[in-house]
Structure formats: C-alpha cells, structure tokens
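*Asks:* When you get a sec, could you give me coordinates for this:
(chains A, B and C)
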Amino acid sequence: MKTNPGRFFEDYRLGQSIDHAVPRTVGAGERALYHALYPARHALQSSDEFARACGLPASPLDDLLAFHTVFGKTVPDISLNAVANLGYAEGRWLAPLWPGDTIRARSTVIGLKENSNGASGVVWVRTTGLNQRDERVLDYVRWVMVRKGDRAAPVPQTVVPDLAPAVAAADLVVPQGLDFTRYDFAQAGEPHRLSDYRIGEKIDHVDGVTIEEAEHMMATRLWQNTAKVHFDATFRPDGRRLIYGGHVISMARALSFNGLANAQMIVALNAGAHANPCFAGDTLRVWSEVLEKAETLAPGVGAIRLRLVAVKAGAAPFTLRGEDGKYAPEVLLDLDYWALMPF
Amino acid sequence: MKTNPGRFFEDYRLGQSIDHAVPRTVGAGERALYHALYPARHALQSSDEFARACGLPASPLDDLLAFHTVFGKTVPDISLNAVANLGYAEGRWLAPLWPGDTIRARSTVIGLKENSNGASGVVWVRTTGLNQRDERVLDYVRWVMVRKGDRAAPVPQTVVPDLAPAVAAADLVVPQGLDFTRYDFAQAGEPHRLSDYRIGEKIDHVDGVTIEEAEHMMATRLWQNTAKVHFDATFRPDGRRLIYGGHVISMARALSFNGLANAQMIVALNAGAHANPCFAGDTLRVWSEVLEKAETLAPGVGAIRLRLVAVKAGAAPFTLRGEDGKYAPEVLLDLDYWALMPF
Amino acid sequence: MKTNPGRFFEDYRLGQSIDHAVPRTVGAGERALYHALYPARHALQSSDEFARACGLPASPLDDLLAFHTVFGKTVPDISLNAVANLGYAEGRWLAPLWPGDTIRARSTVIGLKENSNGASGVVWVRTTGLNQRDERVLDYVRWVMVRKGDRAAPVPQTVVPDLAPAVAAADLVVPQGLDFTRYDFAQAGEPHRLSDYRIGEKIDHVDGVTIEEAEHMMATRLWQNTAKVHFDATFRPDGRRLIYGGHVISMARALSFNGLANAQMIVALNAGAHANPCFAGDTLRVWSEVLEKAETLAPGVGAIRLRLVAVKAGAAPFTLRGEDGKYAPEVLLDLDYWALMPF
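*Replies:* Take a look at the predicted model:
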C-alpha cells in the first residue's frame, strides 16, 4: 500500500510527536494570491514602506497565511479521517513570516478521549510551525474528532488537556522592532486607536462577499491542505464541497478591516468554532465584539482581544446563539483572537 | 460609528485634497496574477530580456496594473456611494511601475455639479498615483455621479472643469531609456510597425473570453477595490455582481494583442465609457480603431492613439452606436488611449 | 490583415524552423499560482531548504510549468487551426527552470502527412525551450492534425518521423548537482524508494479534484496559450470550453503525489494521449503503473518510468481500454514519463 490512508483514532498515542511532511517556501507569489483571494487591506501587510515606518524590515506575510501553511501540513497526519474540527486554543504567533522563509510543522498528541459510541474519539494536538532557522513562528492547540479504523481497538486512557480559556495579555509576543509611535492613521485607513474602542462594543463590518468554488479551492490548495472534502464534488452524498474553515477565517478577518483597520497583526488565537458548514454561493457578512484590551512593552503598541463572527447574509445584526444557547444556523464562524493596535 | 459609510455628494468641496489609505507594494506575484487573469502577451511586460533590449532595466509591471492599483485606493473615498462611473480624461502614465514599488494615491476635487433632481451630483477628481520616492507614476481625471446623503444639504456652486478631449502627443511621457531601434518584431509577435497602420483603420481582434465570477472578483480584490457591488450577490436586487469596469478594460486590452502586438505601453487615457454593465457569463470580443499617430523624442518610439471597444459575443463587426447615437446594447467599453509603438 | 489567422496544413514545409513569439520571464508568482491551481506537494519544488539539501541552489519551478510555458508559445504557430493534438514523444527536460529565467521557444517541422480526405494533415514538430543563456531547458516532439486552408493546395511528400517509443534511460539528463544520498524521506512525505516499487505495480492515488472554469482558464492564460476553444464559450456548438490538455496533465501529476511523493522531477515525456476531452465539472481521479526502473550517474538518484492515467470519477479502478482496444470513455489522459527518485 503506497498511499496514505490517514491515521485513525487508535493510531494516536499520548505524547506522540509527528513531523509533518513537505516543507514550504513562501514569498511574493503567496502574498499576492492572499490579496486576490481575500479583501485584505491592513496596511502593515500591504506596504513595505508602512511596515518600515513601524519598525519592521519589510511587510510581513499575513499572519493567517502562516497559520494556513502550518495547518495544511498537519492535515495528512491529523485530520484526513476527521469527522469534525472541534476547536482551537492557546494559539500564539511567535515570529513574523517573511518572503523567502521556509515553513515546516510538528505536532504532539496532548490529549485522547474515545467517544462512548466506540466509533470515534477526540484527539488534541499541539502544533508548532518552524522556519528555516528552527525558530518557532506559530504554536497552537487544536482538537478533532477522528474515526476509529478498528472499533475493536483498545480504548486509550482518557486525557483531556487543561487549556487556557484565552492567551493572557502578558504572554503575547510582539514582533521584534514593532513601534507604533509614528503610526500613520491616515494611510492605515481609519483614525480609531485602542482607546477609541470600549469593551463590549460591537461592530457591524458592513461589507459582504459571495464565495466561489474556484476561489476556496485555490486558497486551500495553496496551503497544501489535502482534505478530500474541499476538492472532490463526489465525496459528500450531497455533491457539495465543504469549504475549508480557514478560508472563512481569512475572509472574515479581511472583511473586518472596515471598522478595525488598525487591528494590524494577529498575535493570538484564543478559541474558535466553525459553527456551521460553509458552501460556495454563501454570502459572508461579519461582525466583531471587543472582549479585552491590554498594553504591551513595545512602544505605542497595544493589544485588542476580539470576537469575530461570520454569518450568512440575511442574518439579523449580531446574530450568534439561539435561545437554546446553540449557534444560530446562519453563524459560520465564532473566533476569539488578539491583535496589535496603536494605543 | 467605526465603519466608513463613504462620502456623499454634499461631503465634497472644490479644491479638497484627499490622501487615500492603504499603500501597496506590488511585485512578482501581482505580475503573475495579471498574466493569469488576462491573456496579456505584450513582450515588454512579459520578458525581462525583451525589456532590456528596449533600454529598460527590467520588465515593468503592466500599465493597467498601475491604473487599477491607484483606482482601487480611491474607491473608499470617491465611489462607495457612486451611482455611476461617468468618464475619464487627461490620464497620463508618468513612470513605469517596477516590482517592489509601493504605490499610494491622492485626489483633488476639481469639479462639482448637483443634478437637477436634488438627489445626486457629479464629482470630478484628479487622482495621482505616487511611488515610494514620491514620484508621480500616474495622473488622471475621473468623474462619478454620487448620491446625496441629505437631500436638504446646500447646493454647491457648479464648477465643471475644462478637460482636454485627448492628451496631446507632445505631452506623452516616454519611460526613461526606452529605445525601439533594435526592436525584435519576431519575438514581439507581429511585424506591423506604426507606419503599417493608417488612421481610420479598424481591427477585429478575433479572440473572445467568457468571464467568470471567481476571476473578476480575484482581480478586483487584488487592486483592493472595495465596492460592494462587485463582490456581494445580495447587493443588487437582481442577485448579480456587477463586474468592475477596469476588469473589462484589462481584458479588452489583452485581447487586442492579436493585431496590436506592438502597441507596447499605454501612456495616456484620453477618454473612456463603460457603455453597459458586464456580468459573469458574458463573452467579450474586441475591436480597435486607429485615431491618430505621432512621433516621440525617444529613439525609434512612435505613439498610436487607439479606440478600443469591447462588445458581447454576437454583436455585429465593429458595433458601436445605434441610429439614435447611443451606444448599442452589446457595447461594454469604449476606450480612447495612446500606446507606444516602434515606427 | 493585422491579426494572425494561424497556419494551415499547406503552410508548413519540412525542415521549416519557427521562432515562437513572446519570451516570458517566470518566477515567484508563477510558482505560487502553480501551487494554487494544482495540489502540487513534491518537496523539491515546494521548499528551497529541501532542494538545497538535495544539492540544488534553490527550489526549481515545477517541470510541467516549464513544459506549459514552452507549449503555450507554440500555440499561435502550430495549433491555432489544429483539429486534434495527437501525441508527444522524445520529450526531455535538459535544465531546471529557476525563478527569474526567461523562456522562449523554437520549433522545426520534422514530418508532414496529408490525410486521405484532403481536408487536413498531420504536422510533426520538434520544439525546444531555451532560457536567457540560450541553454536548452526542454525538447520534445508533438504532432497535431491541422486543417487545410485551401483544399486545392498541393499535397506534400509524406514524411513520418521515426520516433523512439520511449526515451532511453541512458539519455535522461539529471540536473547538475542533484544528490539524493541525504534525502529526507520524512520531509518528502513517504518512505518508498525506487527499490520499493516493482515493475507492473499499479497505484490508485485515491484523491480527486473537481475542475472549475475559472481555474483552467487562469492556468491556460498563465502559459500564454491562446487557443480560443479554452476560453470562449461561444466557440464550440455545445457552448462548452474544452480544457487545455496540459491542465489535466498537471492536475494528474499533482494528484499522483499520494503514492509517488518521491518521484521528484520529471525528466522525460515518452508518450501521451488526451484520450477524451475534459470539461469543467468533471472530477479527476488518477492511477499510475510502474513501467521501468533505471539508475543514473548522479549520487543516490534513480529513475522511474511511469504510466499516469487520469479518469473521471466513477470509472472502475485502473480503467484504461475497452475490449475493442480503444480508450474507455472515462479516460482523459494516458501519459508515459520518467521521473527521478531516490534508489
């Protein structure tokens, strides 16, 4: 058998370390494609000049481009037989991704819990992205429900990792040299600084985008994500291709520019739920809620913790959960992240 | 209110200067995407070697890529509440765009005229694109019809700018170093030089392209153009996404290669009308008419003024206007521009 | 007549040499687009670090990217009036393509045979791709059936070239410096080396991709292939756009990663048939058969000769020919090539 059938639940062991295959060099091409696939406008990732004025050597690649590249590498080892992508936690960006960098990824199994039905189980992994200098660029935990290949396989001891509800502000890593003291609000697109946002404030980001098959497949391929369900219209009984959740994350983040133009870099992923599946033809709208604010040690650089929610067009403003406490059917994404913003 | 609702007619003042947000660095990625989105084949923008043989340091980015990038920056300030994009004039390319350049844009309001219905008005702006050395790369006038936000707002004094019907040949700016005396017609794809074209000559460019949603959205996003009507299928009552007029311009220009392979660089935009809306599924065909010819001071470099017309497939050859003098319904674009050509 | 009507059968002469137009510089942008359009994961073309560990100065552009770029240049001269693309032979990659290289192409007519119906004939050409240093990067023979423009044109002497059924292993050109003695199988994605494959072994590559109009048109444009049938939905009576055969080749090759992750570089194209037309909406699946194995003089570098077959989803496993010896209707591609693999 030469092809990779993917791991089943019983193939994971607590503490197991997996080096994911196919390192990837990223650069000017991936950067341009990111701007073609998403309405990304944050100035730091758009302009070398703006980035230099903020103390960086050049414009870094989008933080989510780093996330998708690392995530894509894990798919053949972690989620090929996944039933569901259940959650994220403790995600931190540790160094910017620069054009020419080569990324690889490694995961450690940190939790296992077989489901009571004996047909599947939940696997928790901590994944690290590394660049060509062996520096960590990204670190996050995700957990997925994976099918068992052999229902008779022994039940592992249940270990559920103790995960922080959010990355503490003190643990955020600000890119070296970042300095917002001479930040150009006019060129960035909006005048609002951290002090202009209040905790609990909600923002309707106004814009919407209708999603096409060609776009989400190009994006998902670009990250070398191999999950069949995104590409093969014959895979699901309903003949629809499920859109990679990360495509929704990037689209939502880009759409949040209008109202959060100065939330410049994503530095932490606290939690995330793909509340409902997204398909081509869906039109995405986005709203945000300010959850927390903090200072950092870098000059002029504050941090804002945001809830980012993507819904289908037609949903009422700020739709999130129904009376039963469950996500409303129009909700596609509920993401909790930290971004850096001039204070 | 954190989001940008866009300016309304009463928000513009004569002489007002607007620095548009989000500078953008462009390079090898945007260049490749331009070639993927349009059937662009002009040799000067395709090959570093060809460009060097013509006296340039490298292959410049497509002239229309410069136009779209500058145009895109103006959208949040100029045309978010526009009802119609009415015209272009006095457009000149002043310096080539090289990979690694960072572009920003600035506009000045040069004309205002409220419509008699009191619901909207026409705004004329002169827009300049600047590179990271503060050199002007592009300069053009466009006028748009913009809705009033408050119909009771006072009527401004009417000022209609006096615009040249076309850029004079003497005002064309030839890129520094350009030299067509050793021009390789075989590698460029056609033997026709400026003297082979006669004024009044019409060329049917033969080829056609059927347009897809994913392509025009990727193109329009790449230029960071945020107009909702191009992306959101729920925006128009008919559920169709209007294609950015610049996508039609680039598609038409690229299709005109077949017959105008040596019309190498666009140096002026004299006038332009988006005669009818374009939607996904339309198949574009293109014809040109030679309007004027001129010499320049650069060695071997002449200039050709062309009318470029894009029509929907099925239109009779050289369709333009009906007996009533109005554009025929199959006409999508009527563009008047100057290009450089070996004489 | 300024536009190119394309050559007809009677326009070709035995021994005629054709310099194809529009040289093309390729780089980081084309590389990223290749990864967005195809699920390409071979490590050598994905990572500069992996390529350096294999003795190369950097990650080369995909071998098929070189093929498509050269092929695209020939279309206006060879296949604009082609009825069918009949075959390939004696294809060899002679030097890698590096970012920044400029490619041009030249063909020589090596065979002519008019069909008995007097309406068309077969033209054989040997095409060479050259880089900016005049080094040959690729060389192959293809033959196409071309319409006659004038049925009364004289019948040329029939010359059918004597073509090798496959490139001999001794004639394969290994890129300078390539060394697989420290090859990292874990990072490459699979443990299988040349000795793990047996002649006659068949591999079902498991994955599938459903093809979209926007994707195949972007790919085909990127190679500056101008054949109308790929772009213009009004060209064929059935309103369908025929997908460029090379798009199927690249999709099939990329899908064969799963099971052939270590078949790192394509060095020869022995034969190829586009058995049936491919259209948007088709879902591709792929299988391979090991035809031959060989050593090379480069350290650790072996060669594997493979049959690569693309079929439409729903075809039985390893579908190829019917009882009548003809390709089954679900078969899209039957390709015979050599790739380099660690032994």
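
*Asks:* Can you tell me how far residue A:262 is from residue A:54?
*Replies:* Between residue A:262 and residue A:54 the computed distance is 11 Å (CB to CB, to the nearest Å). Heads up, the C-betas are built off the backbone N, CA and C, glycines and all.

*Asks:* Now do the shared contacts for those two.
*Replies:* Taking CB atoms under 8 Å, 6 or more residues apart in numbering or on different chains as the contact rule, residue A:262 and residue A:54 both touch residue A:183.

*Asks:* What is the burial count for residue A:148?
*Replies:* Burial measure for residue A:148: 20 neighbouring residues, criterion other CB atoms under 10 Å in any protein chain shown.

*Asks:* pLDDT value on it, please?
*Replies:* In this model, residue A:148 is scored at 96, pLDDT.

*Asks:* quick one: average pLDDT of the helix or strand containing residue A:66?
*Replies:* Secondary structure assignment for residue A:66, by DSSP states H and E: helix A:63-78. Across helix A:63-78, pLDDT averages out at 97.

*Asks:* Which neighbouring elements make contact with it?
*Replies:* helix A:28-37, strand A:82-93, strand A:102-114, strand A:120-130, strand A:136-147, helix A:213-222, helix A:245-255, strand A:265-273 (3 or more CB pairs under 8 Å, 6 or more residues apart in numbering or on different chains; DSSP states H and E).

*Asks:* And residue A:86, how far from residue A:314?
*Replies:* Shown here: residue A:86 relative to residue A:314, a distance of 27 Å by CB to CB.

*Asks:* Please list the residues of chain A that sit near chain C.
*Replies:* Taking CB under 8 Å from any CB of the partner chain, the part of chain A that reaches chain C is made up of A:2-4, A:19, A:21-30, A:32-33, A:76, A:99-100, A:102, A:104, A:132, A:212-215, A:217-219, A:221-222, A:224, A:226, A:228, A:231-235, A:241.

*Asks:* Out of the helices and strands packed on helix A:63-78, the one nearest residue B:167 is which?
*Replies:* Comparing those against residue B:167 with CB to CB, the closest turns out to be helix A:28-37 (30.6 Å).

*Asks:* next helix or strand past the closest one?
*Replies:* Read in the C-terminal direction, the helix or strand following helix A:28-37 is helix A:48-53, with elements assigned using DSSP H and E.

*Asks:* Now do the buried residues in that next one.
*Replies:* Applying a neighbour-count criterion of 16 or more other CB atoms under 10 Å in any protein chain shown, the buried positions in helix A:48-53 are A:48, A:49, A:50, A:51, A:53.

*Asks:* Can you lay out those as TSV showing distance to chain B and pLDDT?
*Replies:* Putting the buried residues of helix A:48-53 into TSV (distance: CB to the nearest CB, whole Å; pLDDT from 0 to 100) gives the following:
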residue	distance to chain B	pLDDT
A:48	4	98
A:49	5	98
A:50	5	98
A:51	9	98
A:53	10	98
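
*Asks:* May I see those arranged in TSV, with distance to residue C:294 as well?
*Replies:* Shown next, in TSV, are the buried residues of helix A:48-53 (distance: CB to CB, whole Å):
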residue	distance to residue C:294
A:48	48
A:49	53
A:50	54
A:51	50
A:53	57
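
*Asks:* ok, of those, which one's closest to residue C:291?
*Replies:* Ranking the buried residues of helix A:48-53 by separation from residue C:291, with CB to CB as the measure, puts residue A:48 on top at 49.6 Å.

*Asks:* circling back to that earlier point, okay, the helix holding residue A:66 in CSV with CA atoms only?
*Replies:* These are the backbone C-alpha positions of helix A:63-78, laid out as CSV (Å, rounded to 0.1, in the frame of the first residue of the first chain):
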residue,chain,number,x,y,z
ASP,A,63,-0.4,36.1,9.9
LEU,A,64,-3.2,33.9,8.7
LEU,A,65,-1.1,32.8,5.7
ALA,A,66,1.4,31.5,8.3
PHE,A,67,-1.5,29.7,10.1
HIS,A,68,-2.9,28.1,7.0
THR,A,69,0.5,26.9,5.8
VAL,A,70,1.2,25.2,9.1
PHE,A,71,-2.3,23.9,9.4
GLY,A,72,-2.2,22.5,5.8
LYS,A,73,0.9,20.5,6.7
THR,A,74,-0.9,18.8,9.6
VAL,A,75,-3.9,17.6,7.6
PRO,A,76,-2.5,14.3,6.1
ASP,A,77,-1.4,13.3,9.6
ILE,A,78,-4.2,14.7,11.8
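
*Asks:* That helix versus strand A:136-147: what angle between them?
*Replies:* In this structure, helix A:63-78 runs at an angle of 40 degrees to strand A:136-147, with axes from the mean of the first three to the mean of the last three CA atoms, to 10 degrees as the basis.

*Asks:* And the strands in the stretch 201-343 of chain A?
*Replies:* In chain order, the stretch 201-343 of chain A shows strands spanning A:202-210, A:265-273, A:283-295, A:301-312, A:331-342, with DSSP state E, counting those that start in this stretch as the criterion.

*Asks:* mind checking which of these is nearest residue B:140?
*Replies:* Here strand A:202-210 is closest among the strands of the stretch 201-343 of chain A (CB to CB), at 26.1 Å.

*Asks:* Looking from chain C, tell me which residue of the stretch 1-150 of chain A is nearest.
*Replies:* Here the stretch 1-150 of chain A gets closest to chain C at one residue, residue A:29, 2.5 Å apart by CB to the nearest CB.

*Asks:* are any of the residues of chain A next to chain C buried, and which?
*Replies:* Members of the residues of chain A next to chain C that pass the buried threshold by neighbour count (16+ other CB under 10 Å) are listed as A:2-4, A:21-30, A:32-33, A:76, A:99, A:102, A:104, A:132, A:212-215, A:217-219, A:221-222, A:224, A:226, A:228, A:231-233, A:235, A:241.

*Asks:* tell me which residues of stretch A:251-268 are tucked away?
*Replies:* A:251-268.

*Asks:* end to end, how far does it reach?
*Replies:* For stretch A:251-268, the first-to-last residue distance is 18 Å (CA to CA, to the nearest Å).

*Asks:* One more: stretch A:114-127?
*Replies:* 21 Å.

*Asks:* Would you mind pulling the contact partners of that stretch?
*Replies:* Defining contact as CB under 8 Å, 6+ apart, one finds that stretch A:114-127 is touched by A:9, A:12, A:18, A:70-71, A:74, A:78, A:83, A:86, A:90, A:105-113, A:138-148, A:151, A:155-156, A:158, A:160-161.

*Asks:* Give me the mean pLDDT for that stretch.
*Replies:* If you average the per-residue pLDDT over stretch A:114-127, you get 96.

*Asks:* same deal with stretch A:249-262?
*Replies:* Here stretch A:249-262 scores 98 as its mean pLDDT.

*Asks:* do it and chain B meet at all?
*Replies:* Yes: applying CB under 8 Å from any CB, one finds that stretch A:249-262 is in contact with chain B at A:258, A:259, A:260, A:261.

*Asks:* my guess is the last one meets residue A:191, correct?
*Replies:* No: in terms of CB atoms under 8 Å, residue A:261 does not count as a neighbour of residue A:191; the distance is 9.2 Å.

*Asks:* Tell me if stretch A:210-227 is near chain B.
*Replies:* Yes: using CB under 8 Å from any CB, a contact is recorded between stretch A:210-227 and chain B, made by A:210, A:212, A:213, A:214, A:215.

*Asks:* Leaving out chain neighbours, which residue sits closest to the first one?
*Replies:* On the basis of CB to CB, 6 or more residues apart in numbering or on different chains, the spatially nearest residue to residue A:210 that is not a chain neighbour turns out to be residue B:233, at 4.0 Å.

*Asks:* if we can go back for a sec, more neighbours: which of residue A:86 and residue A:314?
*Replies:* Taking other CB under 10 Å, residue A:86 and residue A:314 do not tie; residue A:86 has more neighbours (16 against 10).

*Asks:* and the one helix or strand in chain A whose mean pLDDT sits lowest, how far from the chain's centre?
*Replies:* Lowest by mean pLDDT, DSSP states H and E among the helices and strands of chain A is strand A:82-93, with a mean of 94. If you compare the mean C-alpha spot of strand A:82-93 with that of the full chain, they lie 8 Å apart, counting by CA atoms, centre = their mean, to the nearest Å.
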